[in-house]
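Peer 1: Just a sequence and a predicted model for now, questions to come.
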Amino acid sequence: MSLPLRRSLDHTALLLGIPVLALSVFVAAVSLPASGAAVVCAASVVAHLALALRLSRPRLSFATVAACIGVLALTSGLFIVVPSVLTFPVALYAVTAHGSRLDGMAAAGVGVLGAVFGTWRFVTDASVRAEGLEPHAGFVLVTLLSVVAATWALGQRTRGDIARAKADEQRATERVSAAARDERTRIAIEMHDVVAHSLAVIVSQARGAQYTDRSDWQVPIDTLSTIERTGREALSEMRGILGLLRDGGRDGDLAPVPALGDLPELVTRFPSARLTVVGTPQPLSPARELAVYRAAQESLTNVLKHSGHGAAAEVTLTWAPARLVLEVTDDGDGVTTDDGAAGLGLSGMRYRVEALGGTAVAGPKRAGGFAVTVSLPTEEEDR
């Protein structure tokens, strides 16, 4: 027997069916002639074997069991006292619960017809009367129909429970998938911010070094130092980001998350940028500090990449009541746009800020240059 077939069998039904089958063989042997007993025993064995497929092949299992019970009924009116006849309601329940809705309705119809035929066979068979039994047709019919109705109703209830469980599982899977997509987006934005900013600073420093006075050896040394420091910081942050992709990373492997305290050092990497702080700083969550830092980083990186050589940038951090406003402006040519290659520039910044209940607006200024304005609540807002 192949492995898939073994897995498809209901071993519980097989084990529980052994004593029932043994009792059926005993009843057939003492109640029926040898030929009839052999047929009843053979049909009972097939019915119990078919019942082992009730979960994996409910339609086939029910059809086989129903045929076997039909054989029992045709063999003798005493079929109703053979214990293996109990395989029919079990198979009816299984096909109603695990088959299609049409399968359940068809099985119920077969059950009703079987109850009518079984009642007629039991009441009119001479062998029943020979055993001294005087069954009442109405009582027998109502009993058999009640068994069919109760079994079918129980199967329908189980079918509904299974459908609800599957729907809950599907919703849970969708929530996990959505969370995974959000996490991938967040990590992609982090990687874009780190890589784009670091490379822009390195390229800008290298370009500026080409036009310096060759007699001043301190300039290339300072430039190389800046490039080295930027590269080291980028590598450290990349290790932290990539650590999130490896079982969540270990605390010792993750680089510190940038915060507002790192903003002055960030601005110093851009010789043409200046930082101004207005108002009294307030406590801010790490997520909001990171969002503001990344917004400033993205805006200054775009100044280097898109606003023309020598463009000056102004970074203004304004602390208002319950709100922090970051504004980055430059006097370049005003053509700053999302980086088409990366696709995660200003759109990624908006994604991060809006997820925290803030707003991010970017666009060219009327007087020339480009402006990015980020507004964030300093505390979680009620929604």
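Peer 2: Good, I have the coordinates. Just so it is clear, the structure is predicted and the values come from calculations on it, not from any experiment.
Peer 1: show me where the stretch 151-300 of the chain has helices.
Peer 2: 218-244, 263-268, 286-306 (DSSP state H, counting those that start in this stretch).
Peer 1: Helix or strand for the residue nearest to Val71 when sequence neighbours are not counted, just tell me which one.
Peer 2: Spatially, and ignoring its direct neighbours in sequence, Val71 is nearest to Ala43 (4.3 Å; C-beta to C-beta, 6 or more residues apart in numbering). Every residue, glycine included, has its C-beta placed from N, CA and C. Element membership for Ala43, per DSSP states H and E: helix 34-51.
Peer 1: and that helix, what other elements does it pack with?
Peer 2: Under the contact definition 3 or more C-beta pairs under 8 Å, 6 or more residues apart in numbering; DSSP states H and E, helix 34-51 sits against helix 11-31, helix 58-75, helix 87-98.
Peer 1: Could you measure from the closest residue to Pro281 other than its chain neighbours over to Gln282?
Peer 2: Nearest non-adjacent residue to Pro281, counting by C-beta to C-beta, 6+ apart: Trp319, 5.7 Å away. Noted for Trp319: a distance of 6 Å to Gln282, by C-beta to C-beta, to the nearest Å.
Peer 1: In the stretch 101-250 of the chain, where is pLDDT below threshold?
Peer 2: Applying pLDDT under 70 to the stretch 101-250 of the chain flags the ranges 128-129, 131-132, 179-180, 182-224, 226, 228, 230-250.
Peer 1: at 90 what do you get?
Peer 2: For the stretch 101-250 of the chain, the stretches flagged by pLDDT under 90 are 101, 103-104, 114-115, 117-140, 143-144, 162-163, 166-250.
Peer 1: Do a quick rundown of the strands in it.
Peer 2: Shown for the stretch 101-250 of the chain, no strands are assigned by DSSP state E, counting those that start in this stretch.
Peer 1: Mind listing what's buried along the helix holding Ala43?
Peer 2: 36-37, 39-41, 43-51 (16 or more other C-beta atoms under 10 Å).
Peer 1: Now the two most distant members of those residues.
Peer 2: Gly36 and Leu51 (22.5 Å; C-beta to C-beta).
Peer 1: Save the buried residues of helix 34-51 as CSV, and put in pLDDT and distance to Val374 too.
Peer 2: Compiled in CSV, the buried residues of helix 34-51 are given as follows (pLDDT from 0 to 100; distance: C-beta to C-beta, whole Å):
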residue, pLDDT, distance to Val374
Gly36, 82, 89
Ala37, 84, 88
Val39, 89, 85
Val40, 85, 83
Cys41, 89, 83
Ala43, 89, 79
Ser44, 88, 78
Val45, 89, 77
Val46, 91, 75
Ala47, 89, 73
His48, 87, 72
Leu49, 89, 71
Ala50, 88, 69
Leu51, 86, 67
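Peer 1: ok, the residues you listed vs Ser299, which is closest?
Peer 2: Leu51 (70.6 Å).
Peer 1: any idea how far the closest one is from Arg269?
Peer 2: 75 Å.
Peer 1: And Ala153, by the same measure?
Peer 2: On the measure of C-beta to C-beta, Ala153 and Arg269 end up 74 Å apart.
Peer 1: now Ala167
Peer 2: 53 Å.
Peer 1: Looking at those two, which one has more neighbours?
Peer 2: For Ala167 versus Arg269, neighbours defined as other C-beta atoms under 10 Å are more numerous around Arg269 (21 against 10).
Peer 1: Go ahead and confirm Ala91 touches Phe62.
Peer 2: Yes. At 4.4 Å, Ala91 counts as touching Phe62 under the criterion of C-beta atoms under 8 Å.
Peer 1: Need the overlap of contacts for those two.
Peer 2: Residues touching both Ala91 and Phe62 (C-beta atoms under 8 Å, 6 or more residues apart in numbering): 54, 107.
Peer 1: show me what contacts the nearest residue to Val140 once chain neighbours are set aside?
Peer 2: Closest residue in space to Val140, ignoring its immediate chain neighbours: Thr119 at 4.7 Å, by C-beta to C-beta, 6+ apart. The contact partners of Thr119, by C-beta under 8 Å, 6+ apart, come to 137, 140-141, 144.
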